[in-house]
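Peer 1: Here you go, sequence then predicted model.
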Number of protein chains: 2
Amino acid sequence: MTLARRTGGPLTANDWIQTGFELLSEGGPNALRIGRLCERLEVTKGSFYWHFTDMCAYRAALAHAWADLYDERRRRLEIPPDTKGRERLEEMVRALIRTDHWALERAMRIWSLTDDSVLESVRRRDELVLSEVRQAFVDCGFDDDEATLRSSVLFAAGVGLLHDHRAAQDAPLGARVLDLMLRQ
Amino acid sequence: MTLARRTGGPLTANDWIQTGFELLSEGGPNALRIGRLCERLEVTKGSFYWHFTDMCAYRAALAHAWADLYDERRRRLEIPPDTKGRERLEEMVRALIRTDHWALERAMRIWSLTDDSVLESVRRRDELVLSEVRQAFVDCGFDDDEATLRSSVLFAAGVGLLHDHRAAQDAPLGARVLDLMLRQ
DNA sequence: ACCTGAACACCGTTCAAGT
DNA sequence: ACCTGAACACCGTTCAAGT
């Protein structure tokens, strides 16, 4: 899953995916139109239908690529695996707030609310993240039941705040929310 | 803002609004199409454009009517004004979870994420609710700063959980979340 | 005042034909 | 293998014409 752009020559499915991410980040789910993709890639609509059977299949491919992108990013430059407990949670909150991820994250999440094939990918990833958050609470000394509750609330609050333009990029608020959730 | 359906005769703007709420509740924002409205009301598209200048104006009318609907419902059958503090918060959480409100609430909120004129109505209402929630925390004995933080987290968690089909109708979870947010 | 019916632009989709 | 170009259905929008 590279971010390289094409330089003339025939298109690959990945070119369509990357351009889809651009449109989603810039204008949200409603900006993802076949016509606009074709404009950017300088081909006609028939090309799209050679690479993908229809919009539905393209959506599924985008959702899948997005999950891969997330995994790769996570492996490459994010939280070292030996970071535990509170420090790990702090890193996760910071990662969520980072500007370059935020627009695509938000677009995919909004999109998942009206598209079941996207929802599936988002949900699968959410379950992984949620279990990680839960484990971090356990590492902080909370029992299983309490860790489940607190991780659910922290995660839900994160999703809720992500949708609010004003609060979503507010790092001090993020720190205070986490602080509240960690009080004994 | 009545819920009465039309019985033959000419349509009113309110007929279009009520039918719009039906479509939104049943199928979310993408189900709100002029063609489907016309099918249900047994008229042609021209009728729509006599009552509303365009889809954008209709959206704004729907958003406004929804805010009115919320206020009216609240006055009629919801939380008595002398209910304070914890009990008031419990009632608010219960009200959010109630099934008949949930579908429309969810659809409007999803819609607001991709439509600015809907966002404006949702946001105005959210600010009222949030300040109420905040006041309830103050009534529970939290200082101003702490009440602001806790009300923000509770509200954001509510929004986050609303989007999750599995968690949104889970009353025991709602009670436990509130309980966590009220701990000293 | 309230609505019909026909027209147009836009977008997703198909497909035969090109290289 | 990869793409063009023309066609069609669907939907938002306009508007002259009807009652």
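Peer 2: Perfect, thanks for sending it.
Peer 1: Identify the residue spatially nearest to the spatially most central residue of chain A, adjacent ones excluded.
Peer 2: Compute the mean C-alpha point of chain A, and by CA atoms, centre = their mean the closest residue is residue A:105, 3.6 Å away. The shortest distance from residue A:105 to any residue other than its chain neighbours is 6.9 Å, reached at residue A:162 (CB to CB, 6 or more residues apart in numbering or on different chains). (Glycine included, C-beta is placed from N, CA and C.)
Peer 1: What parts of chain A come near DNA strand C?
Peer 2: A:33, A:34, A:35, A:45, A:46, A:48, A:49, A:53, A:54, A:55, A:56 (CB under 7 Å from any atom of the strand).
Peer 1: for the residue nearest to residue A:168 when sequence neighbours are not counted, what are its contacts?
Peer 2: The shortest distance from residue A:168 to any non-neighbouring residue, by CB to CB, 6+ apart, is to residue A:162 (5.3 Å). By CB atoms under 8 Å, 6 or more residues apart in numbering or on different chains, the contact list for residue A:162 reads A:96, A:102, A:105, A:106, A:109, A:168.
Peer 1: Redo the residues you listed as TSV? Include secondary structure and pLDDT.
Peer 2: Listed next are the contacts of residue A:162 as TSV, based on DSSP: H, G, I helix; E, B strand; the rest coil; pLDDT from 0 to 100:
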residue	secondary structure	pLDDT
A:96	helix	83
A:102	helix	85
A:105	helix	89
A:106	helix	90
A:109	helix	92
A:168	helix	83
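Peer 1: which one of the residues you listed is nearest residue B:26?
Peer 2: residue A:109 (22.6 Å; CB to CB).
Peer 1: isn't the closest one right next to residue A:161, touching?
Peer 2: No: in this structure, residue A:109 is not within contact of residue A:161 by CB atoms under 8 Å, at 11.8 Å.
Peer 1: Tell me which of those two has more neighbours.
Peer 2: Each of residue A:109 and residue A:161 has its neighbours counted (other CB atoms under 10 Å in any protein chain shown); residue A:161 has more, 25 against 19.
Peer 1: Quick one: residues contacting the more buried one.
Peer 2: A:167, A:168, A:170, A:173, A:174, A:177, B:156.
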